[in-house]
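Novice: Could you work out the structure for the sequence below:
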Amino acid sequence: MKSLALVVACVALLTGCSSSVGSGLLGGVLGAGAAGGSYEYHLKRQKERVEQDFKAEKIDQKEYEIRKDQISRDSLLQ
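Specialist: Predicted coordinates:
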């Protein structure tokens, strides 16, 4: 929800800026969005790896819960 508010604020700011400044800000916003998306994709892969380890009995239930909780806390999309 915080991310959505930030995006809305950035778009509102961009509409009031000159074209060169607005373009630079838009590029920055899009770049940050791409970086955030790749970070979330990395966390999704980490979660899948933890689930595979649990199913293969490489980790126990307690370790599974700890690692899953840590991944969810690191996520930007909670």
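
Novice: Let me know the next secondary structure element after the host helix or strand of residue 40.
Specialist: If you go by DSSP states H and E, residue 40 is part of helix 19-55. Per DSSP H and E, the first helix or strand lying C-terminal to helix 19-55 is helix 61-74.

Novice: Count the residues that sit near residue 62.
Specialist: Using other C-beta atoms under 10 Å, residue 62 has 8 other residues around it. (Glycine included, C-beta is placed from N, CA and C.)

Novice: Distance of it relative to residue 41?
Specialist: Between residue 62 and residue 41 the distance, using C-beta to C-beta, to the nearest Å, works out to 27 Å.

Novice: Could you do residue 54 as well?
Specialist: According to C-beta to C-beta, residue 54 stands 21 Å off from residue 41.

Novice: And these two? Which one has more around it.
Specialist: For residue 54 versus residue 41, the count of surrounding residues by other C-beta under 10 Å is larger for residue 54: 17 against 10.

Novice: Which residues are in contact with the more buried one?
Specialist: Residues counted as contacts of residue 54 (C-beta atoms under 8 Å, 6 or more residues apart in numbering) are 61, 64.

Novice: so what's it scoring on pLDDT?
Specialist: If you check residue 54, the pLDDT there is 97.

Novice: Residue 42 too?
Specialist: 88.

Novice: now swap in residue 9 and tell me
Specialist: What the model reports for residue 9 is a pLDDT of 61.

Novice: Show me where the protein dips below the pLDDT cut-off.
Specialist: Within the chain, the set of residues satisfying pLDDT under 70 comprises 1-36, 76-78.

Novice: switch the cut-off to 90
Specialist: Applying pLDDT under 90 to the chain flags residues 1-43, 72-78.

Novice: Tell me how many other residues crowd residue 60.
Specialist: Residue 60: 10 neighbours (other C-beta under 10 Å).

Novice: and the gap between it and residue 49?
Specialist: 16 Å.
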